[in-house]
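Chemist: Show me how the following folds:
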Amino acid sequence: MNRFGKGLLITALVVVVGMAFRVSWNALRDIANAIGADRTAATLYPFVVDGLMALALVATLVLVGNDRKFALRVLGTYTGASLVLNYVHGLVPALHGATVDWGRLADWDPANWALVLLATSLPVGSIYFGSDLVAKVLHHQPAPIPAPIANAEESTETTMKRSTADLPESTPAPITAPAVASPVRTPDPVALGFLKSTLPLKPVPAIGSAPVNSIGSTPKRTLAATSTRPRAATGRVPGAARSPQPKRTQAQLLDEARKATANLPDAKVTAEGIRREIHTSPANARMLRDTILAERAGTAVGTP
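Modeler: So this is what the prediction gives:
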């Protein structure tokens, strides 16, 4: 509802309550005269009863919880009391002309005593309940309004973890061998692998006979087809699970290098060939090559 509608509704409520108060004011004034109130007190008596009803209504709109229930009880009690007194005023026409005996609201004594007690206790109750309601309203603190969440839409989303079987790629794609579009050019194998081939290249089919292994070269191993799907990291292999590799001394390496190059001329003794033959590091291979060539040079000088 917009502001104009709220204002119109409040205005209509004030008008209705004012007219109802004016109707009830005449009856409550005559009741006050019957119980012994003077002219001024009788004029203010309707404000005591119906005024507390208006105060309780405002407190009901402001308070919450148990305080609101208390305000509703006060509103209901005083509404019922005002209704009873207005009903008695309608039943006793003598109240209108002020000819009734003082303190006499009913012919039956118990009913008369109850009505006089009700009419005389309402002002005292207005002081007590009115003060309590005003104190509750003044000490009432409204609940703080929560701050808006920046990512309210994202925070309400629910994420669900799916198992591996529910993922889009549950099985790897089949591995197919690539088709050979054209023959590749590879060098012809030579008897010794320490020197590069100087023969011209010629086209050969991609799949052919196995080449002849030369001295110093290792046989080619057939590699398994690799999958395009990335493998998950398995971590570092512990030292206890690794196969032990014995370390060879310099003398053992030199002895193996001598045996591997015993039948080779000096021109074909290379560090790369020694490294492949005895499976050592490039630094050791160069050191062994220099040692063997130095030994051969010394032997050649000492020979007459």
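Chemist: alpha carbons only for contacts and neighbour counts from here, please
Modeler: Fine.
Chemist: same for the strand or helix carrying Ile292, what does it pack against?
Modeler: Assigned by DSSP states H and E, Ile292 belongs to helix 282-302. Secondary structure elements in contact with helix 282-302, counted by 3 or more Cα pairs under 8 Å, 6 or more residues apart in numbering; DSSP states H and E, are helix 250-260, helix 271-278.
Chemist: again, only using 7 Å
Modeler: helix 271-278 (3 or more Cα pairs under 7 Å, 6 or more residues apart in numbering; DSSP states H and E).
Chemist: Output the helix it packs on in PDB, but only the C-alpha positions, please.
Modeler: Only the C-alpha atoms of helix 271-278 are listed here, as PDB (Å, rounded to 0.1, in the frame of the first residue of the first chain):
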ATOM      1  CA  ALA A 271      81.800 -40.000 -25.700                       C
ATOM      2  CA  GLU A 272      78.300 -40.600 -26.900                       C
ATOM      3  CA  GLY A 273      79.100 -44.200 -28.000                       C
ATOM      4  CA  ILE A 274      80.700 -45.000 -24.600                       C
ATOM      5  CA  ARG A 275      77.800 -43.400 -22.800                       C
ATOM      6  CA  ARG A 276      75.200 -45.600 -24.600                       C
ATOM      7  CA  GLU A 277      77.300 -48.700 -24.400                       C
ATOM      8  CA  ILE A 278      78.100 -48.800 -20.600                       C
END
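Chemist: ok so, going back, return the angle between stretch directions for the helix holding Ile292 and helix 250-260.
Modeler: Inter-element angle recorded for helix 282-302 and helix 250-260: 70 degrees (by axes from the mean of the first three to the mean of the last three Cα atoms, to 10 degrees).
Chemist: Show me which parts of helix 282-302 are buried, residue by residue.
Modeler: If you call a residue buried by 16 or more other Cα atoms under 10 Å, then helix 282-302 has these buried ones: Asn284, Ala285, Arg286, Leu288, Arg289, Ile292, Leu293.
Chemist: farthest-separated two in those?
Modeler: The span of the buried residues of helix 282-302, defined through Cα to Cα, is set by Asn284 and Leu293 at 14.1 Å.
Chemist: This structure: helices as residue ranges?
Modeler: Applying DSSP state H to the chain gives helices spanning 3-34, 39-62, 65-91, 94-97, 109-138, 152-155, 250-260, 271-278, 282-302.
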